[in-house]
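Asks: Let me see the structure of the following:
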Amino acid sequence: MNFIEDLKWRGALNQVTDEEGLLKAMKAGQIGAYVGTDPTADSLHLGHLIPFMVLKRFQKAGGKAVIIVGGATGSIGDPRPTTERQLLSEEQLKVNEKGIAAQVTKLFGSDDTTIVNNADWLSPMTLPEFLRDYGKLFSVNVMLKKDVVASRLETGISYTEFTYQILQAIDFLHLWREENVRLQIGGSDQWGNITAGVDLIHTVEGSDAPAFGLTIPLMTDSTGKKFGKSDGNAIWLNAEKTSPYTFYQFWYNQRDEDVVKYLKYFTFLSPEEIADLEKEVAENPGARLGQKRLAEEVTAFVHGQAAVEEAEALSKALFSGDVAALSVQQIRDVFAGVPGFETTSAKQNVVDFLVDAGIEKSKRQAREDVTNGAITINGQKETDVEAEVDPSANYDGQYILVRRGKKKYFLGTVK
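Replies: Numbers count the residues shown, from 1 in each chain. I've put the predicted structure just below:
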């Protein structure tokens, strides 16, 4: 399959301005494609991974990947459908730019990859230059019809955000001239901005200038929920914001109804490999082989193979209950979302400890659970109601981990 056929098979193509012309340009020699991302945070999240997967496929098809870290456009903000963006300080933008550039480099490598910052060509431009050289080429009538602008006309949109589409178009023209970029890739909500860039190139460089736009469908799960969040929280690509274990588990816990779709979109497995996994999912869903392969592939792409091996080792430790040897950082990563409590470092009778921590509602229930072997503390089953608990005995005296039953964990912070 060629690049476009592959995207269609994977469900990764929404719109393309000129499919035939794009394939012809790719066949004629190496061209560049770009994805832009504004440094609105110090890390990318799963939403950013959606267009980057298509850019990576373009790179694997023989193209050059160009990524804009939008130092200039990030200081303004791409218009939201509902409200004006909060402007960031220059200092915060610099921190964010650095973090995102490092992540992009890790994803794409150095071969056939260029990372640029649009502040390099937009910031030196004076206002008269902007209005004279570019503003006169854009029709306000056309700009008002762009979806995101039209959606804001009743509630109001600032002139600053209104001009964002012109800046993005200038980016495309600059990369067309300087980096041989012929294709811009973005989400379905970027169609208006992307076509503005194509139109600008055709106006300035000639109607036959090879410039193309491609958008990706809105990614949702089988329930219609927007993809990329877990319990309302963003899944970050920065290992310090979302641990590789949590990242791995996000993919491993996907529904059977979604796993084949995500295998197609977020992995580089062949159609034959995915067809085999699809068969496995249908015939033996309990084994979760599709989810396991999905988690392995995406975690390796974002964090590296070592992170996959550690995530799987942690998963095995949790399944077996063998958690005594986990490091303090692993405890933080794995159990960040479980119910928590605070305790002192003083030793205490196990029954009193369980009640004071809120793990058990009464001493009677606590004694019953201990006697029945339902309580495990720091990986050790406790069956003696007269035993003492030493909160400072494990994990450098910082945490105490309690499991009630087979799956219910509680993490105590030792003060």
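
Asks: low-confidence ranges in this structure?
Replies: Scanning the chain for pLDDT under 70 picks out the ranges 229-232.

Asks: So what does Val350 have for phi and psi?
Replies: With angles defined as degrees, to the nearest 10, Val350 sits at phi -60, psi -40.

Asks: Would you confirm that it contacts Thr383?
Replies: No - contact between Val350 and Thr383 fails when scored by C-beta atoms under 8 Å: they sit 9.7 Å apart. For the C-beta atoms, the positions are set from N, CA and C on the backbone; glycine is no exception.

Asks: Between those two, which is the more surrounded one?
Replies: Val350 (21 against 13; other C-beta atoms under 10 Å).

Asks: residues in contact with that one?
Replies: Val350 makes contact with 366, 370, 375, 377, 382, 384-389, according to C-beta atoms under 8 Å, 6 or more residues apart in numbering.

Asks: repeat that for 10 Å
Replies: By C-beta atoms under 10 Å, 6 or more residues apart in numbering, the residues touching Val350 are 366-367, 370, 375, 377, 382-389, 402.

Asks: Most widely separated two among these?
Replies: Greatest spatial distance among the contacts of Val350 (C-beta to C-beta): Glu386 and Val402, at 17.7 Å.

Asks: quick one: which of those two has more around it?
Replies: Neighbours were counted for Glu386 and for Val402 using other C-beta under 10 Å; Val402 has more, 24 against 8.

Asks: Could you check how far the more buried one is from Ala300?
Replies: 33 Å (C-beta to C-beta, to the nearest Å).

Asks: Spell out the secondary structure type for Ile68.
Replies: Three-state call for Ile68 (DSSP: H, G, I helix; E, B strand; the rest coil): strand.

Asks: Going along the chain, name the strands of the stretch 1-150 of the chain.
Replies: Here the stretch 1-150 of the chain has its strands, by DSSP state E, counting those that start in this stretch, at 15-16, 32-37, 64-69, 113-117.

Asks: any idea which helix is longest in the protein?
Replies: Of all the segments of type helix in the chain, defined by DSSP state H, the longest one is helix 90-108.

Asks: returning to that earlier point: just the buried residues of the contacts of Val350.
Replies: By neighbour count, with 16 or more other C-beta atoms under 10 Å, the contacts of Val350 hold 366, 370, 375, 377, 382, 385, 389, 402 as buried.

Asks: tell me which of the residues you listed is nearest to Lys136?
Replies: Looking across the buried ones among the contacts of Val350 and measuring by C-beta to C-beta, the closest to Lys136 is Val402, at 68.9 Å.

Asks: Please identify the helix or strand for the nearest residue to the closest one once chain neighbours are set aside.
Replies: Nearest residue to Val402 in three dimensions, chain neighbours excluded: Phe410, at 4.5 Å (C-beta to C-beta, 6 or more residues apart in numbering). Taking DSSP states H and E as the criterion, Phe410 maps to strand 408-414.

Asks: just the helices in the stretch 151-300 of the chain please.
Replies: For the stretch 151-300 of the chain, the helices defined by DSSP state H, counting those that start in this stretch occupy 159-162, 164-178, 191-205, 244-252, 256-266, 271-283, 289-303.

Asks: If you count contacts, what does the first one end up packed against?
Replies: Going back to what we said before, that points to helix 159-162. With contacts defined as 3 or more C-beta pairs under 10 Å, 6 or more residues apart in numbering; DSSP states H and E, the packing partners of helix 159-162 are helix 140-144, helix 147-150.

Asks: which residues sit against it?
Replies: For helix 159-162, using C-beta under 10 Å, 6+ apart, the contacting residues are 75-80, 84-85, 87, 140, 143-144, 146, 148-149, 152.

Asks: if you set the cut-off to 7 Å instead, what comes out?
Replies: Contact partners of helix 159-162, identified using C-beta atoms under 7 Å, 6 or more residues apart in numbering, comprise 76-77, 79, 84, 143, 149.
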